[in-house]
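Novice: Build me a structure from this.
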Amino acid sequence: MAVSEMKYDVVVGGAGHAGLEAAMAAARMGASVLVVTMDCKAIGRMSCNPAIGGTAKGHLVREIDALGGEMAKIADATGIHFRMLNLSKGPAVWSPRCQNDREAYSREAGKRLGSIEGIAFLEDAVVDVAVEVGPKPFPHKLVGVVTAKGKRVSCRSFVLSSGTFMRAIMHTGLTHEKGGRFGEGASYGLTERLESLGFVSGRLKTGTPPRVSLESIDLPAVEPQHSDSPPRPLSFSTQRIENRLIPMYLTYTSPTTHEALRRGFDRSPMFTGRIKGVGPRYCPSIEDKINRFADKDRHQIYLEPEGYETDTVYVNGFSTSLPEEVQLEGLRTVQGLEKVRMLRPGYAVEYDFFPPHQASATLETKLVMGLFFAGQINGTSGYEEAAGQGLIAGINSALRSRGGGEMFHVKRSDGYLGVMVDDLVTKSTEEPYRMFTSRAEYRLLLRQDNADRRLTRMGAKLGLVESATLARLDAKERAIVRLSTLTSRTTVAPSTINGHLEAVGTETIDAPDKLIRLVKRSEVSLEGLLGVSELWSEGALDFAREGMDERTWSEVVEQVDIEAKYEGYVSRQREQVLRFDSFEEQAIPGDLDYDRIPSLSSEGRERLSRMKPETIGQASRISGVTSSDVSVLMVFLKE
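Specialist: Here you go, the predicted model:
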């Protein structure tokens, strides 16, 4: 759809992973949407590693999918390597990940975005926002945006998903240039305008490794890493992965590598102070790893081909902003890379962000009604974190454009999306935020395998989930009940089960026992028991399955197995959630003057005034707010 008029319900600034989800969600909810991007050919571009998912990030991807987002579907369509991580650990931390064809991912993302009715595109950059006096508790109300080319666009909501482009600078050694991504410029003007409205900004840094030629790698000298067989899709709607799969490769740095790179530290923009922004603690550059972990003789390096029709390989684990010649010297000390050709050096990007305590759980800013922040502008790192925020911001931008009603948010107890946003708005961040399973206190409930059961009905209420998807979930839930009932009621005799128990390495039984008690054993899988035909009465499994497709039935079996094994832990966490929810439902007025509450501690009053929590639950998680402060606040609100 071309730009037909300069008046839209929602404007989305940026078409990266956050902007994609925001625009698609808002349009599917009936809003007219204008996507403003500096380069329409860069939609959904994978700036760094061409991979989706990973530990905890895979949980986010599946939750985005369950709510009706697109990231998992795009990843499945363009994946070249799939693995389920952490299978040697408990199911709470199993995480799907796929490597993608970089160019194909961007093409697929652009095709999907362009196919949705109600979305228009403008190749430009937003440099100003138009506001008027807002209704309480908002000081301002958004009424439009202004672009670098002088276009004035009236809108009710604006989702700013600028990625790493706001006043961005790229560093390699002692050289630097303006730009937010290789070959692309930076955007200017909007940071200063937002600061004039009262927003506080900061600087962060991210980095990317060099790219090398696959043809120049000594493949017999490195360790191949193959996809799972069969590969598991990331989207609940993908029946199976039929893409051609290719291996990735593992190698290691050595003390020789570290010494070669150290010789360039005096020209590192990190160590010379040229870079002022804070980098990601959990994804450090290779020079940072060498400096911080001087006792380690080696670090893992994954060599990841970027697609089917390219010679380019992403050197995962070698993120750097060292001088180009130092990068090449260091690479050629790594096993298998002795004769490697470097196609492009690594670099660091420094960019503006806005500390996320300035937004609410809906990702609407607290200063401007109708202005939403999503993605790296909130201080996060990673495509998955950005896409999740984009989806939530897009949903709420559409709701806000309708002129009222209840806004949408995901609670901490409902999903990793809720954990992430709550962490951001209650704790803020001074370094790039990355999702981890350890951040979720209810992670046994918030597994990647049950994301659809937790969130799909929420997506359906918003109009983001198709009826066929909802029908599949309903059938799955019925099958889970039937199979759970069947395993609970079935009694097995020693003569029919002991052979199987011996084969899987667990104790045999000497008296009839309920099948569900055997399923609870860690060595026993329900899938394995389904293969012991003597255990099941004729037609029992056919009734439980009721014509269900292979993938959905395997999900049913997995759900029943996990819930049986972890029943006690799951029950305890559900009880904790009930107690937690009582605090989350106690709202705090947005314009509350904390100076009126005499018994608050000085630090508690300062933190509460700055963060402006929306609920007692949020207030209790703010660093510096004591339990006594929370009690005083609750009494004050009750009075």
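Novice: can you list the weak-confidence ranges in this protein?
Specialist: Residues of the chain meeting the criterion pLDDT under 70: 1-5, 270-277, 279-282, 404.
Novice: buried ones in the longest helix along it?
Specialist: Looking across the chain with DSSP state H, the single longest helix is helix 467-489. By 16 or more other C-beta atoms under 10 Å, the buried positions in helix 467-489 come out as 469, 472, 473, 475, 476, 479, 480, 482, 483, 484, 486, 487. Using the backbone N, CA and C atoms, a C-beta is placed for each residue, glycine as well.
Novice: Which other helices and strands does that helix contact?
Specialist: Under the contact criterion of 3 or more C-beta pairs under 8 Å, 6 or more residues apart in numbering; DSSP states H and E, helix 467-489 touches helix 451-462, helix 515-519, helix 540-545, helix 550-565.
Novice: I'd like the next helix or strand past the second one.
Specialist: So the one you mean is helix 515-519. Moving toward the C-terminus from helix 515-519, the next helix or strand (DSSP states H and E) is helix 526-530.
Novice: Okay, buried residues for that following helix please.
Specialist: For helix 526-530, a neighbour-count test (16+ other C-beta under 10 Å) marks 526, 529, 530 as buried.
Novice: what helices or strands is it leaning on?
Specialist: If you count contacts as 3+ C-beta pairs under 8 Å, 6+ apart, helix 526-530 packs onto helix 515-519, helix 550-565.
Novice: Burial check on residue 459, number of neighbours?
Specialist: 25 (other C-beta atoms under 10 Å).
Novice: hmm, who's touching the longest helix of the chain?
Specialist: Contacts to helix 467-489, defined as C-beta atoms under 8 Å, 6 or more residues apart in numbering, come from residues 236-237, 452-453, 456-457, 460, 514-516, 519, 526, 540-541, 543-546, 548, 552-553, 555-557, 559-560, 563-564.
Novice: can you do 7 Å?
Specialist: 237, 452, 456, 460, 514-516, 519, 526, 540, 543-546, 548, 552, 555-557, 559-560 (C-beta atoms under 7 Å, 6 or more residues apart in numbering).
Novice: Only whichever of those are buried, select them in ChimeraX.
Specialist: In ChimeraX, this line selects whichever of the contacts of helix 467-489 come out buried by 16+ other C-beta under 10 Å:
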select :237,452,456,460,515,516,519,526,544,545,548,552,555,556,557,559,560
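Novice: rewinding a little: tell me which helix or strand comes right after the longest helix of the chain.
Specialist: Note on helix 467-489: by DSSP H and E, the next helix or strand toward the C-terminus is strand 491-492.
Novice: related to what we said a few turns ago, between the helices and strands packed on helix 467-489, which one is nearest to residue 329?
Specialist: Residue 329 lies closest to helix 451-462 among those, at 45.1 Å (C-beta to C-beta).
Novice: What is the closest one packed up against?
Specialist: Where contact means 3 or more C-beta pairs under 7 Å, 6 or more residues apart in numbering; DSSP states H and E, helix 451-462 is packed against helix 57-67, helix 467-489.
Novice: now the angle between helix 451-462 and the longest one, please.
Specialist: The reference is to helix 467-489. In terms of direction (axes from the mean of the first three to the mean of the last three C-alpha atoms, to 10 degrees), helix 467-489 departs from helix 451-462 by 140 degrees.
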